[in-house]
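Participant: Need coordinates for the below:
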Amino acid sequence: MSDNLSMTSAHLTSNARTFRPTEPMPLRALLAVAIVLSNNAYAQAPAHRQLQQLVDAHSAQFIAASHQIWEYAELGYHEEKSSALLQRELEAAGFTLQSGVADEPTGFVASWGHGKPVIAILGEFDALPGLSQAAVPDRSPVVIAAPGHGCGHNLLGSGAALAAVAVKEYLEKNRMSGTLRYYGTPAEEGGSGKIYMVRAGLFRDVDVVLHWHPSNVNVVANGGALAVISAKFTFHGAAAHAALAPDRGRSALDAIMLMGNGIEFMREHVPSNTRIHYIITNGGAAVNIVPDTATMQLMARSPSNTTLDGIWSRIVKIAQGAALMTETTMEVKVDSTDANIVPNNPLAHLAQRDLEEVGGFRYTAEEQRFAAEIRKTLPPEAGAAESPETVLPLTPIDPNSPAASTDVGDVSWNVPTIGFGAATFAPGVAAHTWQATACAGMSIGQRGMLVAAKALALTAADLFADPKLVADAKADFDNRTNGKTYRSQTDDVIRFRAELPLPGRPPASTARGSPPVHPYASASTGRLTRSRINTPKTSSPSDIHWVIERSSNRDCSWLRKNSTMKRANP
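Facilitator: Numbering: from 1, shown residues only. Take a look at the predicted model:
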């Protein structure tokens, strides 16, 4: 066996195929080749053993970091201490830091090396509101109603950093070229921090992106995740005394209720794997005042960006109709959008082999007791769950299976991407629960984090060792995205106002000039007209004009000043 640790067994496979002995190969030699090939399909066993040993060598340091971030429990765009801790660890390990990237104060990029390939590992470290919890198997908030790491991002950020440090040392020891980056990405929970990094061009020269997420199973996630649009619909009417002069009022709340009713009727006519959920965040100031302002927070999701765009346009039309029926105006502010994750088969097969090589882990007696106690707090529908010792087989993503959303999807539309799930939560425990917070603060979560760190490290090292793996990943990415357009609507603002002309006065939209062309407007006139609508006798239905204003904020500086991140995008 060669002493060159970067040599892959793919090379051995090629050599075996071209070997033409003049007499049969001895049985002992055949067995030797078979053992080498079965150890790992993409890297020699010594290389992978070295990487796992490097992860183990730094494990205590990053377990401590994960627990410190678990205690900080900072919400998105406010992760000052968590981000600073990870930056210190990476800088001490020899990485060069870029802080405050993409106008995100807690975002950063840590880099080591130079040249190609450029392999990136994603890290997250934001908490969720209201999920404060001690590391015990019963509901015990550390601080009532305070944030907690119910999605395990304390483990995610620390485990990804641990993998990055191990890979850096491996590349250095073996004199291998290439660039390794760790992306500290803030506010995944509802803030879509990675989108601003994509817009800032921070992934432009990256060849492959690796990521992982806490879970209750060990699995490779090849694609999946729902595309999502989250927006505030605000209606403005006219206030009036609800008893003395209700005829003078125009109720913004009526518009909200009509919009909600329209959405409920639409549910029958969208694909069954569509998700639409909303709340009324402002329904008025007092019962005896006709509400002049009302706001709905709404999310729509679909496994397909394209399908979601069509559904979203219908939702906006329903809101326009509600505004027209109530003689109110309406504004849509898109808070965040996440794309679906683009699969990548070559990366998925590589990641699966590496995860299977790492394997899961067996609970200690204490961890078994913890898992059994926390299981008692779960609802019956939690059902049976896989053991943390098991690695699930690689299977195609089912678009009809339950799924959530992540801004990793936006990265995957720009760079070939693959992700792991690691069993950091006790069997049956779901993310965004106090039970997940409890697991993320104790050894079950921490040992699962080590599984993820090792799998990330092995896959990154394989990509540095074999240029063909990177080329295959890029070819698959190009094939899947060919002819498709990626665009994030995050921070878009659209205002709609329906105006009726008065006798002797032209429509306001005409007086002010033609409104800008909008996706929901006529391509020829740049405005929306409606027919067969009851209007005053002084005007005809075709005289109704939609005045449409559209703006788009392409940075997130407003988040530094205004974000409290009280909402969450699961």
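
Participant: Just the helices from the stretch 151-300 of the chain, written as ranges.
Facilitator: For the stretch 151-300 of the chain, the helices defined by DSSP state H, counting those that start in this stretch cover 153-173, 193-199, 252-266.

Participant: residues in contact with the last one?
Facilitator: When contacts are defined by C-beta atoms under 8 Å, 6 or more residues apart in numbering, helix 252-266 is touched by residues 233-237, 276, 278, 280, 283-284, 291-296, 298, 314-315, 318-319, 321-323, 325-326, 328, 330. C-beta: built from backbone N, CA, C; applies to glycine.

Participant: what's the answer for the second one, then?
Facilitator: With contact meaning C-beta under 8 Å, 6+ apart, helix 193-199 is reached by 76-77, 101-104, 107, 122, 183, 185-188, 203, 336-338, 407-408, 410-411, 414, 488, 490, 554-556.

Participant: model confidence over it, on average?
Facilitator: Computed over helix 193-199, the mean pLDDT rounds to 95.

Participant: For the residue sitting nearest the centre point of the chain, what is the enclosing helix or strand?
Facilitator: Centroid-nearest residue in the chain, with C-alpha atoms, centre = their mean: Thr406, separated by 1.5 Å. If you go by DSSP states H and E, Thr406 is not part of any helix or strand.

Participant: who's in contact with it?
Facilitator: Glu188, His213, Ala225, Asp338, Ile341 are the contacts of Thr406 under C-beta under 8 Å, 6+ apart.

Participant: Could I get the residues you listed in a markdown table, plus columns for distance to Tyr363 and neighbour count?
Facilitator: Listed next are the contacts of Thr406 as a markdown table, based on distance: C-beta to C-beta, whole Å; neighbours: other C-beta atoms under 10 Å:
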| residue | distance to Tyr363 | neighbour count |
| --- | --- | --- |
| Glu188 | 28 | 25 |
| His213 | 21 | 26 |
| Ala225 | 29 | 24 |
| Asp338 | 34 | 28 |
| Ile341 | 30 | 28 |
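
Participant: Just give me the closest of these to Ala163.
Facilitator: Set against Ala163, the nearest of the contacts of Thr406 by C-beta to C-beta is His213 (13.5 Å).

Participant: which one is that closest one nearest to, not counting chain neighbours?
Facilitator: By the measure of C-beta to C-beta, 6 or more residues apart in numbering, the closest residue to His213 outside its immediate chain neighbours is Gly421, 5.7 Å from it.

Participant: Distance-wise, check the one you found relative to Gly360.
Facilitator: To Gly360, Gly421 is 11 Å away according to C-beta to C-beta, to the nearest Å.

Participant: about what we covered before: now, which of the contacts of helix 193-199 lie within strands?
Facilitator: Counting by DSSP state E, these place Leu122, Tyr183, Ser336, Thr337, Asp338 in strands.

Participant: nearest to Ser192, of those residues?
Facilitator: Distances from Ser192 to the ones in strands among the contacts of helix 193-199, taken by C-beta to C-beta, are shortest for Ser336, at 4.1 Å.

Participant: Which helix or strand lies directly C-terminal to the lengthiest helix in the chain?
Facilitator: Longest helix in the chain by number of residues (criterion: DSSP state H): helix 45-72. Downstream of helix 45-72, the next assigned helix or strand under DSSP H and E is helix 80-92.

Participant: Now that following helix: buried residues?
Facilitator: Ser82, Ser83, Leu85, Leu86, Gln87, Glu89, Leu90 (16 or more other C-beta atoms under 10 Å).

Participant: and those as TSV, adding distance to Arg375?
Facilitator: As requested, the buried residues of helix 80-92 are exported to TSV (distance: C-beta to C-beta, whole Å):
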residue	distance to Arg375
Ser82	30
Ser83	34
Leu85	32
Leu86	32
Gln87	38
Glu89	34
Leu90	37
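
Participant: List just the nearest of the residues you listed to Ala440.
Facilitator: So of these, ranked by how close each gets to Ala440 (C-beta to C-beta), first place is Ser82, at 13.1 Å.

Participant: now the closest one: how far from Thr185?
Facilitator: Ser82 sits 12 Å away from Thr185, going by C-beta to C-beta.

Participant: got it, and Ala453?
Facilitator: 17 Å.

Participant: Quick check: the gap between Glu80 and Ala65.
Facilitator: Note on Glu80: its distance to Ala65, by C-beta to C-beta, is 15 Å.
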